[in-house]
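Peer 1: predicted model follows, preceded by the sequence.
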Amino acid sequence: MKNFGKGYGRVAAVHARERARTQSPNRGRLRAGVLRIVAVAFLAVLGVGVASPAWAAPSVIATIPLPSVNGVGAHSLAVSPDGTKVYVTADRDWLYVINVADSVVGSPIQVGNDVRGVAFRPDGSEAFTVDEGGYLSRIDAVNDLWIDGNYTYAYTRSIAFSADGLRAYATIGTCPGSLLGGLNGVIPVGCSPAGVAFTPNSERAYVTNRGDNTVTVINVADDTFVGSITVGSLPEGVAITPDGAKAYVVNSGDNTVTVINVADNMVLGLIQVGAGPLQVAISPDGTTAYVTNGNDGTVTVINVADNTVVGPPIQVGQFPRGVAFTPDGTKAYVANGWVGGVPSVTVIATGLGAAPAPAPAGLLAATGANAPGLLAFAAAFTVVGVGIATGARLRIIRQR
């Protein structure tokens with residue numbers, strides 16, 4: 001295992017090469033593209049006017065304040081599969097809806113008790129939230145309305161869907177016990193599971209375990225234990241590259257990111273990031289990882305090709321947590337605990353495509369609530385394993 005260093009000047013060429021490699025089978029074009037980027041960089045040093053390369057440095061283009069009723073900051077967020085809206089869990093009981101086109105915040109949806117994780121179905125029809133109080137809510141993601149919900153287990157912290165939409169896992173962060181709710185029973189994960197991510201082919205799931213500094217790997221087809229990987233201190237978020245080659249695990253206790261080779265589950269190395277890192281997201285083109293650093297209010301940018309930190313960190317709001325990219329990769333959204341006493345979302349122009357115009361920080365009054373009741377789930381899905389003995393669980397939801 002090795003510690004990866006920092007890379008600064010190479011980033012434009014690296015992104016250009018990666019884009020050319022993944023989008024064109026013509027190697028001659030690839031070589032020409034690389035030579036063009038090198039030429040652009042050389043001319044820029046000489047002060048000669050040339051066209052800007054496709055990749056540009058990321059920059060903050062908007063800060064969107066959210067209403068605060070309970071005095072609690074934003075936590076997690078998810079961008080809809082069509083890229084038109086962002087769901088943000090914040091202020092203890094609320095799910096906020098942000099319109100990507102104009103950054104306007106719509107009427108919030110009341111969802112639970114100390115809400116944490118949120119995830120869209122891959123088809124964009126529904127979204128689910130989980131919370132520390134053990135309530136799982138289902139949302140009509142087309143009309144932004146609460147549908148129904150049910151109590152499961154306390155300390156539910158994160159939720160993720162498989163790419164094929166057939167499975168969803170939600171972590172229940174208790175310990176000891178370290179049990180995983182399965183289709184036909186329970187299987188072990190580590191102590192106090194926090195984050196979960198599926199491989200793009202929906203075959204494996206990676207679960208971070210804060211209590212024992214490990215990642216549990218699950219075979220999704222039969223919910224069986226594949227292996228356990230030792231990572232850094234207090235692992236939180238986890239994300240997997242679009243090609244399924246690497247998993248990035250954020251270690252909040254030692255300010256690092258562990259890089260795992262998915263093919264053999266071996267640790268490739270550690271990347272030093274900011275203070276108190278919490279979550280990570282990978283850009284849709286697979287070139288860049290964004291890591292939120294809760295204790296210093298920044299986002300660290302990582303070049304996925306060589307696992308180096310790119311440039312200085314991006315300053316966002318206070319105590320940033322959740323992070324997600326739009327499907328086209330041109331924007332990233334960061335959920336901040338506080339900015340001047342108000343929870344907020346920072347919008348970053350990533351520079352990975354055509355840079356979007358700065359968006360206004362729109363805000364509407366908090367009206368309407370769609371409060372949940374203790375309703376049984378509709379026939380669309382079922383929670384498997386409710387009533388299993390207490391312990392750390394990864395809740396599994398399956399579609400009927």
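Peer 2: Received it, and whenever you're ready, just let me know what you need. Residues are numbered from 1 along each chain as shown.

Peer 1: excluding its backbone neighbours, what's nearest I218?
Peer 2: Closest residue to I218 apart from its sequence neighbours, by CB to CB, 6 or more residues apart in numbering: A205 at 4.4 Å. In short, each C-beta sits where N, CA and C put it, glycine included.

Peer 1: identify the bridge partners of that neighbour.
Peer 2: Beta bridges link A205 to F198, I218, judged by DSSP bridges.

Peer 1: next up, the contacts around it.
Peer 2: Residues counted as contacts of A205 (CB atoms under 8 Å, 6 or more residues apart in numbering) are A160, S162, Y169, V196, A197, F198, T199, V217, I218, V220, L394.

Peer 1: among those, which pair sits farthest apart?
Peer 2: For the contacts of A205, the maximum inter-member distance is 15.2 Å, found between T199 and L394 (CB to CB).

Peer 1: okay, the two: which has more neighbours?
Peer 2: Neighbour totals were compared for T199 and L394, and L394 leads with 26 against 20 (other CB atoms under 10 Å).

Peer 1: report pLDDT for the residue nearest to I218.
Peer 2: You'll see A205 listed with a pLDDT of 94.

Peer 1: just N336 next, same as before
Peer 2: pLDDT, N336: 94.

Peer 1: distance of it from N201?
Peer 2: 33 Å (CB to CB, to the nearest Å).

Peer 1: so where does A239 fall, helix or strand?
Peer 2: strand 235-240 (DSSP states H and E).

Peer 1: the strands in the stretch 1-150 of the chain, which residues?
Peer 2: 2-3, 6-7, 59-65, 74-79, 85-90, 94-99, 109-110, 115-120, 126-131, 135-140, 145-151 (DSSP state E, counting those that start in this stretch).

Peer 1: TSV for those strands, including mean neighbour count?
Peer 2: Shown next, in TSV, are those (neighbours: other CB atoms under 10 Å):
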stretch	mean neighbour count
strand 2-3	10
strand 6-7	14
strand 59-65	18
strand 74-79	26
strand 85-90	26
strand 94-99	22
strand 109-110	20
strand 115-120	24
strand 126-131	26
strand 135-140	23
strand 145-151	18
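
Peer 1: turn the ones you listed into CSV, columns for distance to V347 and mean pLDDT.
Peer 2: Listed next are the strands of the stretch 1-150 of the chain as CSV, based on distance: least, CB to CB, whole Å; pLDDT from 0 to 100:
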stretch, distance to V347, mean pLDDT
strand 2-3, 32, 56
strand 6-7, 25, 45
strand 59-65, 4, 95
strand 74-79, 11, 95
strand 85-90, 9, 95
strand 94-99, 9, 95
strand 109-110, 21, 92
strand 115-120, 18, 94
strand 126-131, 20, 93
strand 135-140, 22, 93
strand 145-151, 25, 92
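
Peer 1: dump those strands to TSV, plus distance to P320.
Peer 2: TSV is the format used below for those (distance: least, CB to CB, whole Å):
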stretch	distance to P320
strand 2-3	24
strand 6-7	21
strand 59-65	11
strand 74-79	9
strand 85-90	12
strand 94-99	16
strand 109-110	23
strand 115-120	15
strand 126-131	19
strand 135-140	24
strand 145-151	27
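
Peer 1: and of those, who's closest to N265?
Peer 2: Using CB to CB, the strands of the stretch 1-150 of the chain put strand 2-3 closest to N265, at 17.1 Å.

Peer 1: which residues touch L77?
Peer 2: Going by CB under 8 Å, 6+ apart, the list of residues near L77 reads V86, Y87, V88, T89, V118, G322, V323, A324, Y333, V334, A335, V345.
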